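**Q** take a look and give me a structure for this.
(chains A and B)
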Number of protein chains: 2
Amino acid sequence: MLFKVFLKNCTLIYYQRQRDLSKLSKLGGVFSASLSLFSLSKSSIDTSQFMAEPITSMETLSKNKDDMKTKVELMILRIQAEFCRALEKEEEQGNKFVIDRWQRKEGGGGITCIMQNAGVSSVIHPKNPLVPTIHFNYRYFEVKDGDKIHWWFGGGTDLTPYYLNVSDAVHFHTVLKETLDKHGMQYYPMYKKWCDEYFYIPHRYETRGIGGIFFDDLDNPSQDKCFELVTDCADAVKHSYIPLVQRHKHTPYGKQEREWQLLRRGRYVEFNLIYDRGTKFGLLTPGARYESILMSLPSKAYFFFNFRNGNTCISLTKVPLKESF
Amino acid sequence: MLFKVFLKNCTLIYYQRQRDLSKLSKLGGVFSASLSLFSLSKSSIDTSQFMAEPITSMETLSKNKDDMKTKVELMILRIQAEFCRALEKEEEQGNKFVIDRWQRKEGGGGITCIMQNAGVSSVIHPKNPLVPTIHFNYRYFEVKDGDKIHWWFGGGTDLTPYYLNVSDAVHFHTVLKETLDKHGMQYYPMYKKWCDEYFYIPHRYETRGIGGIFFDDLDNPSQDKCFELVTDCADAVKHSYIPLVQRHKHTPYGKQEREWQLLRRGRYVEFNLIYDRGTKFGLLTPGARYESILMSLPSKAYFFFNFRNGNTCISLTKVPLKESF
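**A** Got it, this is the predicted structure:
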């Protein structure tokens, strides 16, 4: 029961992004090749541990195994499988993830420049209000400009609890901090701040959750170093989150907690539909697969007028702006 | 029980709009003075039938009783009171409307031009899935440009049923058509088309509901004639809608109908947060009162992944594009 909603909402969503591409000389348009990695059929060869066949054919992957796109695609499939299996283990009724695979043709017509984008984006909305919602998103971008290739990584992991549990928050942020600190002490403070700023809901003067890390345009010191950092962050997702699931999945809750959870999910909907760049640009793309773009929305949400829940609300929404984590 | 949700969601929402104001010579910015007409205290003099005191003081209203802003404000208060009372009459448990009154200071600082805007905007989300949702919005705009005053009217009424009832749809559109036909045979086809286009959800290739009428920039043949048209449209709301409430409010429904209703309300949320201009510009305004702007959202909504409900969905969402009403 607890993880019923999990299984509906964990999939890869289509993501598109606008970036300062002024360094590119000829730019007719930027399109992102969307990628969703689940499949109903198991793959035949070395992808046996994965939950899905890669989007790229095995032949192409084998031929280009040193290409960063190949490395990212295989890393993503591994992360996805590990994370989903770890969640399935916490599920009592043996439910498995709903699997959804799709490909989208890049738009043609006047496009002189193609942006390729391989990545994973997952949102988990648990049924138990004591278990926080997690969102993570890691991807690699490549833009061809004549013979030149511009590349960068982007991503992040952030947590949206319904009730503030300081020990959870400290655990979550500590895992992220320790992961990034291995790559340099500058990353965590910078990416934590970026996350707090990105997930801010201006019209409510509150953040979506209690933050985490968020970054974009990561292209130094080297492609391999960036890939290591992103892989470590993606690997850290399960360590940051699964313990919180284990801690709280058996905590009993009632109608009041569930109502508060659904009301907070309304805020999640507000953020994603009004401010989130991935959603916004995704839906504006002709031929966009809206179900995948809107996949990040919770199954149920409340929008009550002038709802007040005293200090729960205040302490929760002011948290990420504090420096304590 | 039936109208519990009614009472939460019928109020005036803040509305702001961008318009081609190229005819104005000096335009630093356009701000809309928001107006919400409910109050907890009953007014003392000739406003006794109203549900709230006017925003403008009685003294100012008396002094300027031929001014269009005065006429619109009083018309709105009358429409609001009549519509709310008509709905309250259909309510079984004697529930009354939640009343909410607020004023917003126009932004200053570099503004050379102030747009004033008096109007009403209401959304009714009934609990019974057999009773459609109605939204209506009628208002008057005035922009001062030096000594010159530019004015226009805008508005509309549209219906969002959860189950298509052709007889309801015909009644609804017929009332609107007959109302507009009295002012000229050109209005209904034009405003019906405008409505279908405005309430279209591009990423889903479907409309929000079954349409109605929608217009903007109405400034001819004369201010008085425009006021008459708008007043007639606002008066027609209750005739177009109350009969549908009476027809269906006792129709029994079950979990399946309620689920479908909440799923369709998810589409309503998508439209309002992603595409609606009033919501978008409202939230971007510094100091915006978000609760009033988001008032149009239903209290509860579902967002299920890849939900399919066979022909119910198709017949409902393709309806407004047909020419049959």
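**Q** where along the stretch 201-325 of chain A do the helices fall?
**A** A:223-248, A:255-270, A:277-284, A:290-293, A:310-318 (DSSP state H, counting those that start in this stretch).
**Q** now these in CSV, with mean pLDDT, mean neighbour count and distance to residue B:84?
**A** Any C-beta I mention is one placed from the backbone N, CA and C, and that applies to glycine too. Listed next are these as CSV, based on pLDDT from 0 to 100; neighbours: other CB atoms under 10 Å in any protein chain shown; distance: least, CB to CB, whole Å:
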stretch, mean pLDDT, mean neighbour count, distance to residue B:84
helix A:223-248, 94, 19, 44
helix A:255-270, 92, 19, 25
helix A:277-284, 80, 18, 36
helix A:290-293, 78, 20, 36
helix A:310-318, 49, 14, 30
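**Q** so can I have a markdown table of those helices showing distance to chain B?
**A** Shown next, in a markdown table, are the helices of the stretch 201-325 of chain A (distance: least, CB to the nearest CB, whole Å):
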| stretch | distance to chain B |
| --- | --- |
| helix A:223-248 | 21 |
| helix A:255-270 | 6 |
| helix A:277-284 | 4 |
| helix A:290-293 | 4 |
| helix A:310-318 | 13 |
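**Q** make CSV from these and add distance to residue A:51 to it.
**A** Below are the helices of the stretch 201-325 of chain A laid out as CSV (distance: least, CB to CB, whole Å):
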stretch, distance to residue A:51
helix A:223-248, 14
helix A:255-270, 25
helix A:277-284, 22
helix A:290-293, 16
helix A:310-318, 33
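**Q** any idea which helix or strand comes after the worst-scoring helix or strand of chain A on mean pLDDT?
**A** For chain A, scoring each helix and strand by mean pLDDT, DSSP states H and E identifies strand A:31-33 as the least confident one, at a mean of 25. Scanning forward in sequence from strand A:31-33 by DSSP states H and E, the next helix or strand is helix A:58-63.
**Q** give the buried residues for that next one.
**A** For helix A:58-63, the neighbour count (16 or more other CB atoms under 10 Å in any protein chain shown) marks residue A:61 as buried.
**Q** what packs against the helix or strand following it?
**A** Using DSSP H and E, the helix or strand that follows helix A:58-63 towards the C-terminus is helix A:68-90. Helices and strands touching helix A:68-90, as assessed by 3 or more CB pairs under 8 Å, 6 or more residues apart in numbering or on different chains; DSSP states H and E, comprise helix A:58-63, strand A:114-124, strand A:133-145, helix A:223-248.
**Q** 7 Å instead?
**A** The contact analysis (3 or more CB pairs under 7 Å, 6 or more residues apart in numbering or on different chains; DSSP states H and E) places helix A:68-90 against strand A:114-124, strand A:133-145, helix A:223-248.
**Q** let's have these in CSV, adding distance to residue B:275.
**A** Output for the helices and strands packed on helix A:68-90, formatted as CSV (distance: least, CB to CB, whole Å):
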stretch, distance to residue B:275
strand A:114-124, 22
strand A:133-145, 24
helix A:223-248, 33
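**Q** which of these sits closest to residue A:264?
**A** strand A:133-145 (8.6 Å; CB to CB).
**Q** so who does the residue in the stretch 101-250 of chain A positioned nearest to chain B touch?
**A** Chain B sits closest to residue A:203 of the stretch 101-250 of chain A, with a gap of 4.2 Å, by CB to the nearest CB. Going by CB atoms under 7 Å, 6 or more residues apart in numbering or on different chains, residue A:203 touches B:283, B:288, B:290.
**Q** now the second one: closest residue in space, sequence neighbours ignored.
**A** Translated: residue B:288. Among residues not flanking residue B:288 along the chain, residue B:282 sits closest, at 5.5 Å (CB to CB, 6 or more residues apart in numbering or on different chains).
**Q** hang on, that neighbour packs against residue B:293?
**A** Yes. Shown here, residue B:282 and residue B:293 form a contact pair, counting by CB atoms under 7 Å, at 4.0 Å.
**Q** pLDDT weak spots in chain A?
**A** A:1-46, A:52, A:93-95, A:97-116, A:287, A:306-325 (pLDDT under 70).
**Q** would you say residue A:150 is within a helix?
**A** No. According to DSSP: H, G, I helix; E, B strand; the rest coil, residue A:150 belongs to no helix; its state is strand.
**Q** what about it, neighbour count?
**A** 16 (other CB atoms under 10 Å in any protein chain shown).
**Q** residues in a beta bridge with it, which ones?
**A** Here residue A:150 sits in beta bridges with residue A:143, as judged by DSSP bridges.
**Q** that one and residue A:143 touch, don't they?
**A** Yes. Judged on CB under 7 Å, residue A:150 makes contact with residue A:143 at a distance of 4.6 Å.
**Q** list, one by one, the residues from chain A near chain B.
**A** A:8, A:203-204, A:269-270, A:273-274, A:283, A:288, A:290-291, A:294-295, A:297-306 (CB under 7 Å from any CB of the partner chain).
**Q** mind doing that once more with 6 Å?
**A** Neighbours of chain B within chain A, by CB under 6 Å from any CB of the partner chain: A:8, A:203-204, A:273-274, A:283, A:290-291, A:297, A:299-306.
**Q** ok so, going back, TSV please, covering the contacts of residue A:203 and showing distance to residue B:72.
**A** TSV is the format used below for the contacts of residue A:203 (distance: CB to CB, whole Å):
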residue	distance to residue B:72
B:283	25
B:288	22
B:290	25
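**Q** what's the local residue count around residue A:185?
**A** Neighbourhood size, residue A:185 [other CB under 10 Å]: 11.
**Q** what's near enough to touch it?
**A** Applying CB atoms under 6 Å, 6 or more residues apart in numbering or on different chains to residue A:185 gives no contacts.
**Q** double-check residue A:77 against residue A:50; I have them as touching.
**A** Yes. Between residue A:77 and residue A:50 there is a contact under CB atoms under 6 Å: 4.4 Å.
**Q** and the gap between residue A:88 and residue B:281?
**A** To residue B:281, residue A:88 is 45 Å away according to CB to CB, to the nearest Å.
**Q** same deal with residue A:135?
**A** Taking CB to CB, one finds residue A:135 at 28 Å from residue B:281.
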